[in-house]
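Peer 1: When you get a sec, could you give me coordinates for this:
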Amino acid sequence: MTMTESRTPVLENQQKKVFRTVKQEEPLIVKRAPHVHAAVTPAARNWVLFIALIPAILASAISFGFSAVILIFNSIAAFVVFELVTEKIFKQKIRIWDGNSVLLGTIMGLLLNQDVPVWMCWLGAFFAAFAKNRFHPSLFGLLILLFLNSVILDHSEIFVSVLPVQIALIGGGIFLAAKRIIRWQNPVAYLSAFVLSAFCFGINPLSFPFAGAALLAGIFAATDSMTTPLTLKGNFVFCALAGILSIVLGTVTGGLEGIVFSILIMNLFVPLIDRYVRIKPYTV
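Peer 2: Residues are numbered from 1 along each chain as shown. Model (predicted):
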């Protein structure tokens, strides 16, 4: 028997042993964001979130007239068009039917007011297209508009600043938590930190210039699955710090900018939160 022949059975046994070891291990599945393990698909989740915002759209129409609906749906159209354009340019799979652009357009539209020109929605959607997977696109696009035309956005009443719209947002948040689309702990953490910080600064949170924007941010922006941490505790830390920053920055900037900046700043720290805050995967 040659040396090669004597080694062959040994190698075969080692290969079988390795094969059994690998086969017994659970497979590693790596998927693109959003990293949410839930009973609903990301597309279904987006559409349910949009449905939860429909009462707020209707309340805006009652409070501000039909022009509010036109502006909000114009914002939705801008987000859909620019998502389609970017996917065509970069030869990506067309995903406009997953409801993400519709949801983002609605969020930005509700943070505008009836004095905003139509073209500004399209400009905000254009810049929002460059913020995916790092910053919340709606708030990033709104931030650009705040820099370009702060007079219109700051000194006019935005749609979410009236009580009927705020009640509709709270009702939508309860609906989403009941359906387990979002975790109730996240908006509660954001809004609790927002209220406690306001009292610490001697501010009545109900009279805060843009308390309605805080409701929209806490329920629909701070719970976004693509720009928030992967862990349960990480999301709690994210929301609590964002709520504190909303008041701290809001007292300096005047309100809306502080809320927008707070979420976007915390988006920057998501990788650090994911690295140092490890409990268990984010589930709904």
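Peer 1: Assign a three-state SS to the residue nearest in space to the middle of the chain, would you?
Peer 2: Nearest to the mean C-alpha position of the chain, by C-alpha atoms, centre = their mean, lies residue 224 at 2.7 Å. With DSSP: H, G, I helix; E, B strand; the rest coil as the basis, residue 224 sits in coil.
Peer 1: Over to the one 3 residues further on?
Peer 2: Under the three-state scheme (three-state DSSP), residue 227 adopts coil.
Peer 1: In contact with it, which residues are there?
Peer 2: Applying C-beta atoms under 8 Å, 6 or more residues apart in numbering to residue 227 gives the contacts 133-136, 267, 270. Glycine gets a C-beta too; all of them are placed from N, C-alpha and C.
Peer 1: Once you drop chain neighbours, what's closest to residue 99?
Peer 2: The shortest distance from residue 99 to any residue other than its chain neighbours is 3.4 Å, reached at residue 46 (C-beta to C-beta, 6 or more residues apart in numbering).
Peer 1: Out of the contacts of residue 227, who's the most crowded?
Peer 2: Within the contacts of residue 227, most neighbours by other C-beta atoms under 10 Å means residue 136, with 28 neighbours.
Peer 1: Can you give me the distance of that one to residue 75?
Peer 2: 15 Å (C-beta to C-beta, to the nearest Å).
Peer 1: check which helix or strand covers the residue nearest to residue 99.
Peer 2: Taking DSSP states H and E as the definition, one finds residue 46 inside helix 42-64.
Peer 1: who touches that helix?
Peer 2: 34, 36, 38, 40, 68-69, 72, 97-100, 102-103, 106-107, 110, 113-114, 159-160, 162, 164-165, 167-169, 171-173, 175-176, 179, 181, 216, 220, 225.
Peer 1: Whichever of those residues end up buried, select them in ChimeraX.
Peer 2: To isolate the buried members of the contacts of helix 42-64 in ChimeraX, using 16 or more other C-beta atoms under 10 Å:
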select :34,36,38,68,72,98,99,100,102,103,106,107,110,113,114,159,160,162,165,168,169,172,173,176,181,216,220,225
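Peer 1: Inside helices: which ones of the contacts of helix 42-64?
Peer 2: Taking DSSP state H as the definition of helices, those contribute 68-69, 72, 100, 102-103, 106-107, 110, 164-165, 167-169, 171-173, 175-176, 216.
Peer 1: Spit out the contact partners of the residue nearest to residue 213 when sequence neighbours are not counted.
Peer 2: Counting by C-beta to C-beta, 6+ apart, residue 213 lies nearest to residue 259, which is 4.9 Å off, once chain neighbours are set aside. For residue 259, the contact set (C-beta under 8 Å, 6+ apart) comprises 210, 213-214, 217, 246, 249-250.
Peer 1: Just want to check the distance between residue 259 and residue 211.
Peer 2: 9 Å.
Peer 1: again with residue 115
Peer 2: In terms of C-beta to C-beta, residue 115 sits 20 Å off from residue 211.
Peer 1: just for the stretch 101-250 of the chain, where's the confidence low?
Peer 2: 150-156 (pLDDT under 70).
Peer 1: again, only this time at 80
Peer 2: Within the stretch 101-250 of the chain, the segments meeting pLDDT under 80 span 132-133, 149-156, 207-209.
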